[in-house]
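Asks: Sequence below, structure please.
(2 chains)
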Amino acid sequence: MRIEHKDLLNRILEFLGGELDITKTQFESAVKSYQALAEQLTKDNSALLPYKPEILPQGSFMLGTMVKPVVEGSKLDVDLVCQLINKNASWTQYDLKQKVGNQIKDNKTYEKMIKKPEGRRCWTLIYAEDSNYHMDILPCIVDSNYNIVFEKSFSNAELKDADELAIRITDREDIGYNYTTNHLVWLKSNPFGYAKWFFRRAIINSTRFISLKEAIEPIRDFDKEKLPLQRVVQILKRHRDIMFSENSDYDLDHKPISIIITTLAAKSYDKEDNILDALVNAVGNMRGEIKEKYNPETGKIEKIIENPVNSEENFADKWVKEDKKREYFYEWLNKLEEDIASIISSDGIGLNNLQKSMSSQFGNSITEKAFINYGNQNRILTETGKRKMEAGTGLLGATVSGPIIKKHDFEGLNG
Amino acid sequence: MGSSYIKSSKQARKKGFSANKQLEKIKELFPNMKVIKIKGNLFEVEIKLKPTPVSKAYDVKICFDKYSGVDIYVINEKLEVAANRKTLPHVYSHLEQKLCLYSWKKRQWTKEKLISSTIIPWASEWLEFYELWLISGKWLGGGHDEYGEYVEKKSIED
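Replies: The predicted structure follows:
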């Protein structure tokens, strides 16, 4: 593949990635909303106050892998944790969940917004039409005092300290939901350990090291450039969202889940410094990152996608009982491999046909915008005297050898 | 002496490049060009242009006449038209696929300029922006406004 071909695809994918981001307004309004929620939880009358409640983003909002919904105007999910450093010794899981819920509902506005019935592990707030998101709030208690770990940069230390970032959560389906007061036996989760792992995979030599604290900082710079791995995850999630869209024939309850896509992509990623190479290599290696294990109880071989910060957790555990989930995943991966291969073999098909092919993969509106941005950028390159035409072929570009394209105006019969 | 120098320079500029000189320069850039016709002050040649690695390769005919100038055509295929448009953008003739590449008024091309370093790169750009135009019917290459969109925009702003 010619370097110019790679550059072209890379630029299109960069623009596509940019179109997948939620808008700055949406982002800032979401941040504002969860800061307001944090204020509610730390009010003077709050029963949680002694335990220093904090609202922190988790999931794709923290990882920087959130994607615009396919149907414009549909709601985004913003995942938050409501984290306490300790609790009243007599509180059960039920108590913690209710204390957090009550403190939220103490505010009349939030009381109206809270989703009923409550979730298995979360409280959900549904924001008004113009906000376009809901927030899942996960009540939890930290395992140990890990503020120290937060301060550490991703560059230092091994992942061994990831476990120190674990939190304990409540689960209505847990047998001890109404009884167990020792939170160290509650269900363990580790969204921040996972984030630490993810950013360690994502950061490339050319990027400065960021700390986990920075990644979860409520006030972050929206415009900060995305890392190739973050863009790849966004592109893969978008591909999934288009394939499993409302008007597809699939049962959407079984579509591949984001944590599986994110984990496999991050495991496959090899610090490529551009989106195209990162995408091609990630897609090419994802299949191999799914391990198999014989289960003596069932006599069957099971697929394993290990949680990188908790080897006991298999993100694909539901595939055992729900064949559709596994089937859908492999159907998606097959299509993804084919689709990416078709992008690579686009030599001579016509820019319009490349757009057509990509729009079936990622949606027409954002793909069209990506190509418009690409065209506009080319026009500006010519206008500023930065484009040349290759002798013998007519190929246009900044690095080819041939005459510089002089400034000119396309005219027409009408002008 | 000074005045005679100025005079001859003026004459040279007025005369412009000969057909031979223009042809020689095109051949330098495109050694594979096909000569269709050469006769005195005029020639017709055909070259292949592929503006980006993803783009198709197009056959382009360059017709030069020292007295009437240069005309450019896309040949050997009927170009598609964007779904939301009826005719090709920036052409003198839709049927002939005769391209409109520069402003006469601004004298962006005159007989004193080489086809190889102006018209041909512009034709390649036309093909690139044409493929992008097929996507949405929007011309992104700049130049005069084909669809009165500036006017619309202005009136909205006003």
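Asks: Which elements pack onto the lengthiest helix in chain B?
Replies: For chain B, the helix with the greatest residue count under DSSP state H is helix B:119-136. Counting contacts by 3 or more Cβ pairs under 8 Å, 6 or more residues apart in numbering or on different chains; DSSP states H and E, the secondary-structure elements packed against helix B:119-136 are helix A:351-362, helix A:364-383, strand A:388-389, strand A:396-397, strand B:42-49, strand B:58-65, strand B:69-75. The C-beta positions use only the backbone N, C-alpha and C, and glycine is treated the same way.
Asks: what separates it from the chain centre, distance-wise?
Replies: Using Cα atoms, centre = their mean, to the nearest Å, the distance from the centre of helix B:119-136 to the centre of the chain it belongs to is 11 Å.
Asks: Dump it to PDB, keeping only the CA atoms.
Replies: Extracted as PDB, the C-alpha positions of helix B:119-136 are listed here (Å, rounded to 0.1, in the frame of the first residue of the first chain):
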ATOM      1  CA  ILE B 119      -4.000  23.400 -16.200                       C
ATOM      2  CA  ILE B 120      -2.900  19.800 -15.600                       C
ATOM      3  CA  PRO B 121      -2.700  20.000 -11.800                       C
ATOM      4  CA  TRP B 122      -6.000  21.900 -11.800                       C
ATOM      5  CA  ALA B 123      -7.600  19.100 -13.900                       C
ATOM      6  CA  SER B 124      -6.400  16.500 -11.400                       C
ATOM      7  CA  GLU B 125      -7.900  18.600  -8.600                       C
ATOM      8  CA  TRP B 126     -11.200  18.900 -10.500                       C
ATOM      9  CA  LEU B 127     -11.300  15.100 -10.600                       C
ATOM     10  CA  GLU B 128     -10.700  14.800  -6.900                       C
ATOM     11  CA  PHE B 129     -13.300  17.300  -6.000                       C
ATOM     12  CA  TYR B 130     -15.700  15.700  -8.600                       C
ATOM     13  CA  GLU B 131     -15.500  12.400  -6.700                       C
ATOM     14  CA  LEU B 132     -16.200  14.200  -3.500                       C
ATOM     15  CA  TRP B 133     -19.000  16.100  -5.100                       C
ATOM     16  CA  LEU B 134     -20.600  12.700  -6.100                       C
ATOM     17  CA  ILE B 135     -21.100  12.000  -2.400                       C
ATOM     18  CA  SER B 136     -23.300  14.900  -1.400                       C
END
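Asks: mind listing what the single nearest residue of the stretch 1-150 of chain A relative to chain B touches?
Replies: Relative to chain B, the nearest point of the stretch 1-150 of chain A is A:H5 (3.6 Å; Cβ to the nearest Cβ). If a contact means Cβ atoms under 8 Å, 6 or more residues apart in numbering or on different chains, then A:H5 has A:S346, A:D347, B:P53, B:V54 as its contacts.
Asks: what about the last one, how many residues close to it?
Replies: The tally of other residues near B:V54 (other Cβ atoms under 10 Å in any protein chain shown) stands at 24.
Asks: who's in contact with it?
Replies: Contacts for B:V54 (Cβ under 8 Å, 6+ apart) come out as A:H5, A:L8, A:L9, A:S346, A:D347, A:G348, A:I349, A:G350, A:L351, A:L354.
Asks: Name the member of those residues with the most neighbours.
Replies: When neighbours are counted by other Cβ under 10 Å, A:L351 leads the contacts of B:V54 with 27 neighbours.
Asks: Can you point out the helix or strand that includes the residue in the stretch 101-250 of chain A positioned nearest to chain B?
Replies: Per Cβ to the nearest Cβ, the residue of the stretch 101-250 of chain A with the smallest distance to chain B is A:I242, at 17.7 Å. Taking DSSP states H and E as the criterion, A:I242 maps to helix A:228-243.
Asks: how big is the angle separating that helix from helix A:364-383?
Replies: Relative orientation of helix A:228-243 with respect to helix A:364-383: 140 degrees, computed using axes from the mean of the first three to the mean of the last three Cα atoms, to 10 degrees.
Asks: what's the model's confidence in the helix or strand following helix A:228-243, averaged?
Replies: Sequence order places helix A:258-268 as the next helix or strand after helix A:228-243, per DSSP H and E. Summarised as a single mean, pLDDT over helix A:258-268 is 98.
Asks: go on, stretch A:46-66?
Replies: Across stretch A:46-66, the average pLDDT comes to 91.
Asks: In PDB, list the C-alpha atoms belonging to that stretch.
Replies: Listed next in PDB are the C-alpha coordinates belonging to stretch A:46-66 (Å, rounded to 0.1, in the frame of the first residue of the first chain):
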ATOM      1  CA  SER A  46     -26.200  14.500  54.300                       C
ATOM      2  CA  ALA A  47     -25.900  11.300  56.300                       C
ATOM      3  CA  LEU A  48     -23.100  10.400  53.900                       C
ATOM      4  CA  LEU A  49     -21.000  13.400  54.900                       C
ATOM      5  CA  PRO A  50     -18.700  11.600  57.400                       C
ATOM      6  CA  TYR A  51     -17.700   9.300  54.600                       C
ATOM      7  CA  LYS A  52     -16.600  12.000  52.200                       C
ATOM      8  CA  PRO A  53     -18.800  11.200  49.300                       C
ATOM      9  CA  GLU A  54     -17.400  11.900  45.800                       C
ATOM     10  CA  ILE A  55     -19.000  11.700  42.400                       C
ATOM     11  CA  LEU A  56     -16.500  10.400  39.800                       C
ATOM     12  CA  PRO A  57     -17.000   9.500  36.200                       C
ATOM     13  CA  GLN A  58     -16.400   5.900  35.200                       C
ATOM     14  CA  GLY A  59     -16.800   3.800  32.000                       C
ATOM     15  CA  SER A  60     -16.500   5.300  28.600                       C
ATOM     16  CA  PHE A  61     -16.900   8.800  30.000                       C
ATOM     17  CA  MET A  62     -13.700   8.400  31.900                       C
ATOM     18  CA  LEU A  63     -11.900   6.300  29.200                       C
ATOM     19  CA  GLY A  64     -12.700   8.900  26.500                       C
ATOM     20  CA  THR A  65     -14.400   6.300  24.400                       C
ATOM     21  CA  MET A  66     -17.900   7.600  24.500                       C
END
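Asks: residues of that stretch that come out buried?
Replies: Judged by neighbour count (16 or more other Cβ atoms under 10 Å in any protein chain shown), stretch A:46-66 contains these buried residues: A:46-48, A:51, A:53-66.
Asks: Flag the shaky bits of chain A, pLDDT-wise.
Replies: Across chain A, the stretches falling below the confidence threshold (pLDDT under 70) are A:144-161, A:206-224, A:413-415.
Asks: Show me the contact partners of the longest helix seen in it.
Replies: Secondary structure of chain A read by DSSP H shows that its longest helix is helix A:323-344. By Cβ under 8 Å, 6+ apart, the list of residues contacting helix A:323-344 from outside reads A:1, A:9, A:236, A:239-240, A:243-244, A:250-251, A:254-256, A:260, A:279-280, A:283-284, A:286-287, A:303, A:316, A:318-319, A:354, A:357-358, A:361.
Asks: do the same with stretch A:371-391
Replies: Defining contact as Cβ under 8 Å, 6+ apart, one finds that stretch A:371-391 is touched by A:11-12, A:15, A:18, A:351, A:355, A:395-405, A:407, B:28-30, B:120-121, B:124-125, B:128-129, B:132, B:135-136, B:138, B:140-142.
Asks: what about the helix or strand A:R200 falls within, distance to the chain center?
Replies: With elements delineated by DSSP H and E, A:R200 resides in helix A:191-202, which encompasses its position. The offset between the C-alpha centroid of helix A:191-202 and the centroid of the whole chain comes to 12 Å, using Cα atoms, centre = their mean.
Asks: and what of stretch B:131-150?
Replies: Here stretch B:131-150 shows a centroid-to-chain-centroid distance of 17 Å under the convention Cα atoms, centre = their mean.
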